[in-house]
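Asker: Give me coordinates for this.
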Amino acid sequence: MGKYPNINGRRRLNSNEKYQELISFVSNKRRLPSANKNGEKNLYQFFYKQRKLFDKNELDSKEEIKFIEVAKLLQNIKYGNKRN
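Answerer: Coordinates of the predicted model:
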């Protein structure tokens with residue numbers, strides 16, 4: 001599984017909370033968090049790490065669903081699409 005250890009319950013709990021925070025951020029600000037802005041760096045780093053894991057197919061199924069939800073949200077914002 002590469003350099004990432006198996007996901008434990010604590011990380012899954014944290015990632016679920018972070019995904020809720022990320023989805024809320026993207027919904028409200030209509031953009032991804034920035035690495036350069038105070039208060040956004042941790043959320044940016046979370047998204048970046050999740051994207052890398054997604055690209056390597058190393059997210060568990062629940063995290064993958066959440067990641068895709070964020071991606072769809074961003075796509076809808078980008079193209080002004082109001083449906084799912």
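
Asker: Next up, phi/psi of residue 16, please.
Answerer: In terms of degrees, to the nearest 10, the main-chain angles of residue 16 are phi -60, psi -40.

Asker: what number of residues lie near it?
Answerer: 13 (other Cβ atoms under 10 Å). Every residue, glycine included, has its C-beta placed from N, CA and C.

Asker: mind listing what it touches?
Answerer: Applying Cβ atoms under 8 Å, 6 or more residues apart in numbering, we find residue 16 in contact with 62, 66.

Asker: got the buried residues for the lowest-mean-pLDDT helix or strand in the chain?
Answerer: Ranked by mean pLDDT, DSSP states H and E, the helix or strand of the chain with the weakest confidence is helix 9-29, at a mean of 84. Of the residues in helix 9-29, those buried under the neighbour-count criterion (16 or more other Cβ atoms under 10 Å) are 15, 18, 19, 22, 25, 26.

Asker: which stretch of helix or strand covers the residue nearest to the third one when sequence neighbours are not counted?
Answerer: I take that to be residue 19. Of all residues beyond its chain neighbours, the one nearest residue 19 is residue 66 (4.1 Å), with distances taken as Cβ to Cβ, 6 or more residues apart in numbering. According to DSSP states H and E, residue 66 maps onto helix 61-79.

Asker: from the middle of its chain, how far away would that helix be?
Answerer: With Cα atoms, centre = their mean, to the nearest Å as the basis, the distance from the averaged C-alpha position of helix 61-79 to the chain average is 8 Å.
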